[in-house]
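Colleague: give me a 3D structure for the following:
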Amino acid sequence: MNELIIYKNELKNSNPARYKFIGIVSRMLLSKELFNKNEEIIDFLKYVIRTEYKEYVMASRTLIVARTVRLIEELSDKDYLDCKKRLYKYIDSKIINPNKKNIFDGWL
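Modeller: Below you'll find the model as predicted:
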């Protein structure tokens, strides 16, 4: 999850290079820590990339990454920046503050 903080910092740039965006998305899609099952990737793709793939594509993470990279390359500049903003929001929602302690931690 520490990688998410690095990804978030890379996306703060107003117009990051596409290769950085593709790298971040690829690493996230291949991460078993972030997406334990391929089915969990469906919501990510719907929210960030605004796309859906057929069932046979969703069976293979490498195929998901290949299709997503191709789709990102074909995006217009405006759509690319919109995807970047949505990815930033998605990563921001997934980051857990490690310094924040729960008041119930001592009880268990």
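
Colleague: where in the protein is pLDDT low?
Modeller: Within the chain, the stretches with pLDDT under 70 are 1, 96-108.

Colleague: which residue is the nearest non-sequential neighbour of F21?
Modeller: K84 (6.1 Å; Cβ to Cβ, 6 or more residues apart in numbering). For the C-beta atoms, the positions are set from N, CA and C on the backbone; glycine is no exception.

Colleague: where does that neighbour land in three-state SS?
Modeller: Secondary structure state of K84, per DSSP: H, G, I helix; E, B strand; the rest coil, is helix.

Colleague: ok, it - contacts?
Modeller: L11, P16, F21 (Cβ atoms under 8 Å, 6 or more residues apart in numbering).

Colleague: what's the answer for S31, then?
Modeller: By Cβ under 8 Å, 6+ apart, the neighbours of S31 are E3.

Colleague: separation between I72 and F21?
Modeller: 7 Å (Cβ to Cβ, to the nearest Å).

Colleague: neighbour count for those two, which is higher?
Modeller: F21 (22 against 19; other Cβ atoms under 10 Å).

Colleague: surely that one touches D79?
Modeller: No - at 11.9 Å, F21 does not count as touching D79 under the criterion of Cβ atoms under 8 Å.

Colleague: re the thing from before, can you flag which of the contacts of K84 belong to helices?
Modeller: Within those, residues falling in helices by DSSP state H are L11, F21.

Colleague: in terms of distance to Y90, which of the contacts of K84 ranks first?
Modeller: L11 (10.0 Å; Cβ to Cβ).

Colleague: surely that closest one is in contact with M28?
Modeller: No - at 11.5 Å, L11 does not count as touching M28 under the criterion of Cβ under 8 Å.

Colleague: so these two - more neighbours on which side?
Modeller: Between L11 and M28, M28 has the larger neighbour count (other Cβ under 10 Å), namely 23 against 20.

Colleague: relative to I72, how far out is the more buried one?
Modeller: Taking Cβ to Cβ, one finds M28 at 13 Å from I72.

Colleague: go on, K37?
Modeller: K37 is 23 Å from I72, by Cβ to Cβ.

Colleague: swap in R61?
Modeller: 16 Å.
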